[in-house]
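Pasted the sequence and its predicted model underneath.
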Amino acid sequence: MPRKKKDSKEKKESQLIQSAKGVRDLLPEEQPWWRRVREVSEEIADFYNFHRIDTPILERAELFERGVGAGTDIVEKEMYFVKAGKDRLVLRPEGTAPTLRAYLEHGLSSMGQPVKLYYTGSMFRHEQPQAGRYREHHQVGFEILGGEPDPLYDAQAILIGLRLLESLRLKKLVVRLNSIGCRTCRPPYRKKLVDYYRRFEGKLCKDCKRRINANPLRLLDCKNEDCVALKARAPIMMDHLCSSCRNHFKGVLEYLDEVTLSYTLDPYLVRGLDYYNRTVVEFYVEDLNIALGGGGRYDYLGELVSGRRTDLPAVGFSLGMERIIEAMKGQAVGGRGRSKPRVFLIQIGAEAKRKALSLIEKFREANIKVIESLGRGSLKAQLRIADREGVDLALLFGQREVFEGTVIIRDMKNGSQETVPLEKIVDEMKRRL
């Protein structure tokens, strides 16, 4: 019997350690899509004058408890806590609150206002993994902080989000818009909403029974079939906006009309985080039924994070990079691969292999991309690799060429060869390429 326990332990220790549940490796075959999303995001940020910011993956739990909201799914059940002595640290579940925290902490209000920041990075949420949703996921976000609460910035954020997705060649995009009011008009509306749902409390799902007290606006965001049916008759915020919020939303729509941006008004659209007010937006791919992300205005977040009454207008959005790539693949949009090499260096013999390293460096200095297979010894094997890579030219460098100070250039299309002095090979490659 003891022997069986030992065998079981040895078998367990010999098993391959695999990645944790809900996370995944982004393998080389996936990287062209990731590269395209990152590079297009950077190009859009550069054009619209957004500065990159990178915040820590670890943040204090209070940042999200106070900023995102105690009644949200993120704070109640999705945060990853990290043991660190007396500090209550979490892996960041979203990027907006950390960006605003950095803005306040480092006095970025001294810069020209508003400050425009963007980021890409990992976010972490402890939820049941499913298709397109991982415990570690990635977001690209754009935030406009400070300045005035001008509807122009709401419109610009929405425009930038759409332009980014269009630049990724995604089609059939839908922009959904709503206004969820402010501290003046939202409380009376919230009461009407709660009064309506109280009449059907027995029909609500488990989450909505909790939300009716903690976060009633989220009742409109539920995907449960019974709750969706009730939502169709629920009061809508648009009918209860104060004059200030109504005028602000009217201004947003007028700016969007000015740039002929098509949008859909969705009176039941809310965001899952407490810090939003007034304009909210969601970006959607109609034919694939995929929500790519969203955002809106969050003028109250600065007060929640700083703990003091402060006027900090802010608006922004974030998009799920996994969702974007899923949509790209669904619409047969290709990624962006690495630049294709056109030259393959073939070396034969120990002395040629040693000198090949310095020769490759000369090509690097001349910005000529060369690939090689230094670990392979035979000419036949290396030529086979060169042919598979589809290069235009192969450089043959063997013991004889080392002794004579030459390199043989082989045209991979017609098989013709020419010998060139070693000191002139870089210039000759520049001429041919």
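Okay, I see it.

Which stretches in the stretch 251-400 of the chain count as strands?
Assigned strands in the stretch 251-400 of the chain, in chain order: 264-265, 277-285, 290-297, 314-320, 343-347, 370-372, 393-397 (criterion: DSSP state E, counting those that start in this stretch).

What segments of the stretch 101-250 of the chain are strands?
Per DSSP E, counting those that start in this stretch, the stretch 101-250 of the chain carries strands over the ranges 115-124, 136-145, 173-179.

how close does residue 147 sit to residue 162?
According to C-beta to C-beta, to the nearest Å, residue 147 and residue 162 sit 22 Å apart. Every residue, glycine included, has its C-beta placed from N, CA and C.

When those two are compared, which one has more neighbours?
Higher neighbour count among residue 147 and residue 162: residue 162, with 22 against 18, using other C-beta atoms under 10 Å.

Touching, that one and residue 174? I think so.
No. Contact criterion C-beta atoms under 8 Å: residue 162 and residue 174 do not qualify, at 9.9 Å.

Between the two, which contacts overlap?
residue 283 (C-beta atoms under 8 Å, 6 or more residues apart in numbering).

Name whatever forms a beta bridge with the residue nearest to residue 79 when sequence neighbours are not counted.
In space, and not counting its chain neighbours, residue 79 is closest to residue 90: 4.6 Å by C-beta to C-beta, 6 or more residues apart in numbering. For residue 90, the beta-bridge partners are residue 59, residue 81 (DSSP bridges).

Domain boundaries for the chain, per the record?
23-185+241-330, 343-432 (automatic domain parsing).

I'd like those as CSV, with mean pLDDT and distance to residue 218 appended.
Output for the domains of the chain, formatted as CSV (pLDDT from 0 to 100; distance: least, C-beta to C-beta, whole Å):
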stretch, mean pLDDT, distance to residue 218
domain 23-185+241-330, 89, 6
domain 343-432, 83, 52
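
which of those is buried the deepest?
Across the domains of the chain, averaging neighbours per residue (mean count of other C-beta atoms under 10 Å) puts domain 23-185+241-330 on top, at a mean of 18.

Return the distance of it from the chain's centre.
Relative to the centre of its chain, domain 23-185+241-330 is centred 10 Å away, using C-alpha atoms, centre = their mean, to the nearest Å.

what does stretch 332-344 give?
With C-alpha atoms, centre = their mean as the basis, stretch 332-344 stands 22 Å off its chain's centre.

how far does that stretch stretch from start to finish?
In stretch 332-344, first residue to last residue: 31 Å (C-alpha to C-alpha, to the nearest Å).

distance of the most centrally placed residue in the chain from residue 178?
Closest to where the C-alpha atoms of the chain average out (C-alpha atoms, centre = their mean) is residue 139, at 2.7 Å. Using C-beta to C-beta, residue 139 is found at 21 Å from residue 178.

now the domains of the chain in TSV, with distance to residue 336?
Compiled in TSV, these are given as follows (distance: least, C-beta to C-beta, whole Å):
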stretch	distance to residue 336
domain 23-185+241-330	4
domain 343-432	16
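
so which of the strands of the stretch 101-250 of the chain gets nearest residue 202?
Closest of the strands of the stretch 101-250 of the chain to residue 202 is strand 173-179, at 28.1 Å (criterion: C-beta to C-beta).

who touches the closest residue to residue 147 other than its chain neighbours in this structure?
What sits nearest to residue 147 in space, not counting adjacent residues and going by C-beta to C-beta, 6+ apart, is residue 114, at 3.4 Å. Applying C-beta under 8 Å, 6+ apart to residue 114 gives the contacts 144-148, 153, 313.

Repeat that for residue 137.
The neighbours of residue 137, taking C-beta under 8 Å, 6+ apart as the test, are 122-125, 320-322.

Likewise for residue 158?
Taking C-beta under 8 Å, 6+ apart, we find residue 158 in contact with 175, 177, 252, 256, 261, 263, 279, 281, 317.

Okay, it and residue 187: tell me how far apart.
Using C-beta to C-beta, residue 158 is found at 26 Å from residue 187.

can you check residue 314 too?
Separation of residue 314 from residue 187 (C-beta to C-beta) stands at 21 Å.

what are the phi and psi values for the residue nearest to residue 147?
Residue 114 adopts backbone torsions of phi -80, psi 160, taken as degrees, to the nearest 10.

For it, give its distance to residue 238.
Residue 114 is 27 Å from residue 238, where distance means C-beta to C-beta.

Relative to residue 246, how far out is residue 259?
Counting by C-beta to C-beta, the gap from residue 259 to residue 246 is 22 Å.

thought residue 323 was touching residue 293?
Yes. Here residue 323 reaches residue 293: they are 6.9 Å apart, a contact under C-beta under 8 Å.

got the contact list for the closest residue to residue 189 other than its chain neighbours?
Ranked by C-beta to C-beta, 6+ apart and with sequence neighbours excluded, the top spatial neighbour of residue 189 is residue 240, at 4.1 Å. The contact partners of residue 240, by C-beta under 8 Å, 6+ apart, come to 181, 185, 188-189, 192.

Could you do residue 152 as well?
251, 255.

Could you do residue 165 as well?
Residues near residue 165 by C-beta under 8 Å, 6+ apart: 173, 283, 292, 319, 324.

State the distance from it to residue 285.
8 Å.

any common contacting residues for the two?
Common contact partners of residue 165 and residue 285 (C-beta under 8 Å, 6+ apart): 173, 292.

can you map out the helices along the stretch 251-400 of the chain?
301-306, 321-330, 350-365, 379-389, 399-404 (DSSP state H, counting those that start in this stretch).

any chance of the ones you listed in JSON lines, plus distance to residue 95?
Below are the helices of the stretch 251-400 of the chain laid out as JSON lines (distance: least, C-beta to C-beta, whole Å):
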{"stretch": "helix 301-306", "distance to residue 95": "12"}
{"stretch": "helix 321-330", "distance to residue 95": "12"}
{"stretch": "helix 350-365", "distance to residue 95": "36"}
{"stretch": "helix 379-389", "distance to residue 95": "39"}
{"stretch": "helix 399-404", "distance to residue 95": "54"}
